[in-house]
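K.L.:
below is the sequence, then the predicted model.
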Amino acid sequence: MSPSPGPGPDRGVMVLLLSGPNLNLLGVREPDVYGTDTLADHVKRAEVVAGRHGLTLRHLQSNHEGELIDAARDEAAALVINAGALSHTSWSLHDAVAAFEGPVVELHLTNPAAREPFRHTSVLAPVVDGVVAGFGGLGYELAVDAVAALLKGAET
């Protein structure tokens with residue numbers, strides 16, 4: 001059973017990190033674009049930062065859109081989501097994120113605005129609290145810091 005999604009990082013609340021299609025291939029897929037760190041490396045960085053804030057981090061990676069949509073209904077206090085290419089195409093994921101009641105940060109290892117034109121628009125951007133993009137693995141730390149700050153702000 002998941003920890004209660006109570007308001008605030010000092011209560012050990014859970015943050016859900018969602019990773020979309022092909023992110024399981026990090027470290028081997030286009031290392032010149034995405035770097036050589038694996039998804040496990042990035043998740044570990046996020047877990048360390050979550051722990052510093054008194055948060056519990058749960059991670060789910062799926063190559064299947066429906067699994068991510070279902071997970072967005074989890075009893076998490078906040079979401080960090082790196083939906084990969086689904087960020088640019090999935091209106092179903094957009095709707096699931098829009099229905100989520102806690103803070104949501106969209107995450108990208110690269111800067112989509114500096115890449116191919118189809119990556120310039122995120123269908124998630126209108127329903128998230130913020131976007132962390134272009135910082136590589138550091139983005140995972142920044143995204144967790146951001147949701148922790150948003151959760152803390154929700155308390156005051």
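P.N.:
Structure's in. What do you need? Residues are numbered from 1 along each chain as shown.
K.L.:
buried set for the lowest-mean-pLDDT helix or strand in the chain?
P.N.:
Lowest by mean pLDDT, DSSP states H and E among the helices and strands of the chain is helix 31-34, with a mean of 80. Using 16 or more other C-beta atoms under 10 Å as the burial criterion, the residues of helix 31-34 that qualify are residue 34. In this view, the C-beta of every residue, glycine as well, is placed from N, C-alpha and C.
K.L.:
what distance separates it from the centre of its chain?
P.N.:
19 Å (C-alpha atoms, centre = their mean, to the nearest Å).
K.L.:
how about stretch 57-77?
P.N.:
Using C-alpha atoms, centre = their mean, the distance between the centre of stretch 57-77 and that of its chain works out at 10 Å.
K.L.:
got the contact list for that stretch?
P.N.:
The contact list for stretch 57-77 (C-beta atoms under 8 Å, 6 or more residues apart in numbering) reads 2, 4-7, 13-24, 39, 43, 46-47, 50-51, 55, 79, 81, 83, 86, 90, 92-93, 96-97, 99-100, 102-103, 144, 151.
K.L.:
for it, what does the pLDDT average out to?
P.N.:
Mean pLDDT, stretch 57-77: 93.
K.L.:
and that stretch, end to end?
P.N.:
In terms of C-alpha to C-alpha, to the nearest Å, the two terminal residues of stretch 57-77 are separated by 10 Å.
K.L.:
what about residue 99, how many neighbours?
P.N.:
11 (other C-beta atoms under 10 Å).
K.L.:
ok, now which ones touch it?
P.N.:
72-73.
K.L.:
quick check, pLDDT for it.
P.N.:
At residue 99, pLDDT is 95.
K.L.:
cool, residue 83 as well?
P.N.:
Reported pLDDT for residue 83: 94.
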